[in-house]
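*Asks:* I'll drop the sequence and a predicted model, then ask my questions.
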Amino acid sequence: MEPSNQSSLQDFAPQDVNPVFLQQLRELDIPEEAAKQALLCTQNVSAEEAAIFYFNKLENEERGEDLMYKMMFVVNMDLGMGVGKVAAQVGHAAVGLYQGLQEKNSWREMARKWDRTGAKKIVVRGTNVAHLLELQAQAMSLSLPTYLVLDVGLTQVASGSRTVLAIMGEEEVVNNVTGSLKLL
């Protein structure tokens, strides 16, 4: 396995939510952090959409239903990597993201739930490095763990090339970031 420099997992503050929608959700007695998360997950479309998201999630949790989790890998298709190179870079992304999940207490349980629900892994096509960075920012605004692989440049791509973005979280939330991307 070829060595690779990888960026580390980082905590980023969620983007600002619509204050009017937030107030409407708070008037429904939805806790502030849960209201913010629901607005972010529904892309600040409306208080109604966020409330539906929140109450559906709450209902599933009360029934004891395990939420489904998945790990997504977005490959930088602009680099023209061969099949073996892509496979190695996805492997780097999986290991790096999983190691990062183990390092942060609040994400360890997510890793356990992901493992218990089948450890779903999906590889999709990203356009270029700008696209990967845009997806990473969007994922982090939703408080999803991410990991971006930076290649050391020993084989097919230049040193520092951003090859694969890994994202993990509740399936419904991850789909808000990667749902429109085509499978590799």
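*Replies:* Alright, I've got the coordinates.
*Asks:* can you pull out the helices in this structure?
*Replies:* 19-27, 32-41, 47-62, 83-103, 105-116, 129-141, 171-178 (DSSP state H).
*Asks:* These: which one's closest to residue 69?
*Replies:* Nearest to residue 69 among these is helix 105-116 (3.8 Å), distances taken as CB to CB. For glycine as for every other residue, the C-beta is placed from the backbone atoms N, C-alpha and C.
*Asks:* between the helices of the chain, which gets nearest to residue 158?
*Replies:* Evaluated over the helices of the chain, closeness to residue 158 peaks at helix 129-141, with 11.3 Å, by CB to CB.
*Asks:* now residue 143: how far from residue 78?
*Replies:* Per CB to CB, to the nearest Å, residue 143 is found 28 Å from residue 78.
*Asks:* same question, residue 103
*Replies:* 30 Å.
*Asks:* Who are the contact partners of the residue sitting furthest away from the middle of the chain?
*Replies:* Ranked by distance from the centre of the chain (CA atoms, centre = their mean), the top residue is residue 27, with 29.6 Å. Neighbouring residues of residue 27 by CB atoms under 8 Å, 6 or more residues apart in numbering: there are none.
*Asks:* What are the contacting residues of stretch 46-64?
*Replies:* 20-21, 24-25, 28, 30, 34-35, 38-39, 41-42, 44, 67.
*Asks:* Could you do stretch 75-90 as well?
*Replies:* 1-2, 4, 73, 123-129, 131-132, 149, 151, 155-157, 161-165, 184.
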